[in-house]
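Enquirer: predicted model and sequence follow; I will ask about them next.
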Amino acid sequence: MRELQAPKGVSEYFPPRSQYFEFVRETLINSAKISGYQLMELPVFEDTELFKRGVGESTDVVSKEMYTFEDRGGRSITLRPEGTAGVMRSVIEHNLDKLTLPIKVWYSGAYFRAERPQAGRYRQFYQVGIEAIGLNDPEIDFEVIAVADRAFKKLGLKAYRLDITSLGDAKSRASHRKDLVAYIATLDLDEATLQRAALNPLRLFDDKRPEIQSAMLKAPLLLDYLSEESKASFARVQELLNSAEIAFTINPRMVRGLDYYTGTTFEFVSEKLGAQSGIGGGGRYDGLMAELGGSDLSGIGFGLGVDRILMACEAEGVFDSSLNKSEIDLFLIALTSEEKAYVSNLLNDLRNNGISCDMGYGDRALKGAMKSADKSGARFSAVIGSDEIKSGIVALKDMKSGESKEVRIGALSNEFTTN
RNA sequence: GUGGUCGUAGCUCAGCUGGUAGAGCACUCGGUUGUGGUCCGAGAUGUCGCGGGUUCGAGCCCCGUCGAUCACCCCA
């Protein structure tokens, strides 16, 4: 073991892969921006109470996966395990709910869950999320799903599916729960499973053991208990998805891990990843804001897993030629150490003019410097020795064709401003 | 948190039934004086994850530990 290493289960991105990470994240963010969502930048740690009340104490996330510690003032602090609760807190705290509705925001950053790491599951991971607060319309449900889907399509992803369901309103859920609990009581289950069922009976639908799956086949489904209103709203969401040609599957057995979901709920699943295949998910949350002490506004949002989406992109090979290796236009080489200062100044001037460029040193091995130029991905290179400085003319070499042309050093920046 | 697999040069890995380590790629230098990507030649590189044990002797065996990975729980 090295003396210093990253804490267990964190993901890190460095060149060259970091450019793909950045590309994925920017693509996700852009999809939100073009739909009218605005940035919300929030703290990565919050009062522990926020997550207990917002996410729900019965959830695994809160009961056993939070990074919680006491700060120097004796306050209980938790590194955020998800994004929605923090957004609600901030909206309430700054009275944004008193402004024009809906509030539409996006956010991006690191989230923390103390789970056993696995491919695609990290203790610090990255999400891009959006929230649309203050409107309970099927149109906005559709919009939120479409923002995610558009981003995935823009990235070039194909092997993913969208599962949706509706958890209905409070009344629908209550009557379903009664019947479901009664049904589960007739099953012969082990202690651990019974305990899970007591916290949230819906979880049994998600159990991967075949005997549980078959036992749940005849269990009452929440979708059959939806009120007329919920049913109509869910139908409208489906119509909108259909006309937008966004393929989806209704999955009445889908269960989300956070307690606050109500109404339309959805999940994007990649077919190219292993067990951790959920690349994004979200849904409507009716009571959350009131629960946290704000106005009784409904909202809907999603969280997209940047790490997993990046892995899905790699698995589908969408990056082949879609990205440039570098953002550098020009690579300058000082032939010997004599010219270093001159080239350094020239480089600085070019950069002041907005031209992306870098330099290398020839010293003894010009070959090595040319290799650096090649690896930098720069479109052009130019070697500068005493002759060039004297004449004021350099041979600007096109690295792709290998051809070069003479250019006055003073006019170098004009070569690039045109593109 | 539970269980399985794995941990050898920067990367991907080989190393037979225990005798103190290799390959490919990458890297550095060179193939006549100042031009990369192909080719040829030469070279550097490892406390074999870490700690302990068994043994005359361990990269290969045993225990622990750290990490990765796969699955479960759960989820992005």
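Expert: Sure, I can see it.
Enquirer: who's in contact with whichever residue of chain A sits closest to RNA strand B?
Expert: Going by CB to the nearest atom of the strand, RNA strand B is nearest to residue A:257 of chain A, at 1.4 Å. Quick note: C-beta positions are derived from backbone N, CA and C, even for glycine. By CB atoms under 8 Å, 6 or more residues apart in numbering, residue A:257 lies in contact with A:59, A:60, A:61.
Enquirer: identify each buried residue in the least confident helix or strand in chain A by mean pLDDT, please.
Expert: Least confident helix or strand of chain A, by mean pLDDT, DSSP states H and E, is helix A:191-199 with a mean of 79. By neighbour count on 16 or more other CB atoms under 10 Å, the buried set for helix A:191-199 is A:193, A:196, A:197.
Enquirer: quick one: distance of it to the chain centre.
Expert: 32 Å (CA atoms, centre = their mean, to the nearest Å).
Enquirer: what about the residue nearest to residue A:225 when sequence neighbours are not counted, helix or strand, and which?
Expert: In space, and not counting its chain neighbours, residue A:225 is closest to residue A:176: 3.9 Å by CB to CB, 6 or more residues apart in numbering. In this assignment (DSSP states H and E), residue A:176 forms part of helix A:170-185.
Enquirer: secondary structure class for the nearest residue to residue A:407 once chain neighbours are set aside?
Expert: Nearest-residue entry for residue A:407: residue A:396, 4.6 Å, with adjacent residues in sequence omitted and distances by CB to CB, 6+ apart. The three-state assignment at residue A:396 reads strand, by DSSP: H, G, I helix; E, B strand; the rest coil.
Enquirer: what's across from residue A:396 in the sheet?
Expert: residue A:405 (DSSP bridges).
Enquirer: was I right to think it contacts residue A:380?
Expert: Yes: counting by CB atoms under 8 Å, residue A:396 touches residue A:380, with 5.5 Å between them.
Enquirer: got any residues that touch both of these two?
Expert: Between them, residue A:396 and residue A:380 share the contacting residues residue A:415, judged by CB under 8 Å, 6+ apart.
Enquirer: so which of those two has more stuff around it?
Expert: residue A:380 (22 against 17; other CB atoms under 10 Å).
Enquirer: okay, the closest residue to that one other than its chain neighbours: pLDDT?
Expert: Counting by CB to CB, 6+ apart, residue A:380 lies nearest to residue A:330, which is 4.9 Å off, once chain neighbours are set aside. Model confidence at residue A:330, given as pLDDT, is 94.
Enquirer: hmm, back to that, contact partners of the helix holding residue A:176?
Expert: Here helix A:170-185 has contacts from A:167-168, A:197, A:201-202, A:204, A:218-222, A:224-227, A:230, A:262, A:286-287, using CB under 8 Å, 6+ apart.
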